[in-house]
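Chemist: take this sequence and fold it.
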Amino acid sequence: MPSTDPTRTEDRADFEDILEQGLSSPGITEALRAADTVTGDQLRAWALESRAAIAAAAIPEYRTYVELRSTRPRAAPSRLGNGLGALAVLVPALAAAAAAVFLVLGYGFRLLGVQQRLARGLQAAGWLAVAVATAAVLTGIVAVLVIAVRHRMARPASRDGARVAEARAAWQRALLERGVLPFLRHRIEEAGRPG
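Modeler: Got it, this is the predicted structure:
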């Protein structure tokens, strides 16, 4: 965890957004107009050079944010559950249809007394299709349970995501109020002092 500068790669955009908020805030734009000795671009460049010092003003909030962000459990990917769900619907239906066709033909040939060898083969294939349909139904039940468990696991992840978002907002607020705005005001005052 960083000790002073919390501007990891993923946080640099946040820092720059907060800097833009500060530069466009009414107090700073008024001070810039009144000073007439420094521009917004100069202030932006100075702030980016002093990122570590500015960010240090909000380090407690940043540490909380990073800690929550790094310990948040990730929601499990649902691709497997979706695949199992599709199989749970298709396989039993196809296996049941195949079983019905094979068994009807097999027993039909047997009753008619024709093609006895083919009739036995069709009956065996029909009963095998019944076994596949049964196994697929059981797999479908497991798939439904897996999907239900994953959805239940996703709920705490959503709550944790809300906590991370709150911590991020608290860090950004502290960064603006205790870091960016005081820095900008100080640099405007400094630029306005007679040399």
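
Chemist: and stretch 48-57, what's its mean pLDDT?
Modeler: Stretch 48-57 shows a mean pLDDT of 93.

Chemist: what residues of that stretch count as buried?
Modeler: R51, I54, A55, A56, A57 (16 or more other CB atoms under 10 Å). Yep, even glycine has a C-beta here, placed from its N, CA and C like the rest.

Chemist: nearest to Q172, of those?
Modeler: The nearest member of the buried residues of stretch 48-57 to Q172, counting by CB to CB, is A55 at 11.2 Å.

Chemist: please determine how far that closest one is located from L19.
Modeler: 11 Å (CB to CB, to the nearest Å).

Chemist: now do the lowest-mean-pLDDT helix or strand in the chain: which elements does it pack against?
Modeler: Lowest on mean pLDDT, DSSP states H and E among the helices and strands of the chain sits helix 79-112, with a mean of 78. With contacts defined as 3 or more CB pairs under 8 Å, 6 or more residues apart in numbering; DSSP states H and E, the packing partners of helix 79-112 are helix 116-174.

Chemist: chain center to the helix or strand harbouring E61, what's the gap?
Modeler: Using DSSP states H and E, E61 sits in helix 59-71. On the basis of CA atoms, centre = their mean, to the nearest Å, helix 59-71 sits 18 Å off its chain's mean C-alpha point.

Chemist: go on, stretch 39-59?
Modeler: Its chain's C-alpha centre and that of stretch 39-59 lie 30 Å apart, by CA atoms, centre = their mean.

Chemist: offset the numbering so it begins at 592, please.
Modeler: Got it, first residue is 592 now, which makes that one stretch 630-650.

Chemist: endpoint to endpoint, it covers what distance?
Modeler: End-to-end distance of stretch 630-650 (CA to CA, to the nearest Å): 28 Å.

Chemist: what residues does that stretch touch?
Modeler: Here stretch 630-650 makes contact (CB atoms under 8 Å, 6 or more residues apart in numbering) with 594-598, 606-607, 610, 613-614, 619, 623, 653, 762, 765-766, 769-771, 773-775, 778-779, 782.

Chemist: contact partners of the host helix or strand of E621?
Modeler: Assigned by DSSP H and E, E621 belongs to helix 617-626. By CB under 8 Å, 6+ apart, the residues outside helix 617-626 that reach it are G613, L614, V629, T630, G631, L634, L772, L775, R776, I779, A782, G783.

Chemist: try 10 Å
Modeler: With contact meaning CB atoms under 10 Å, 6 or more residues apart in numbering, helix 617-626 is reached by 612-614, 616, 629-631, 633-634, 771-772, 775-776, 778-784.
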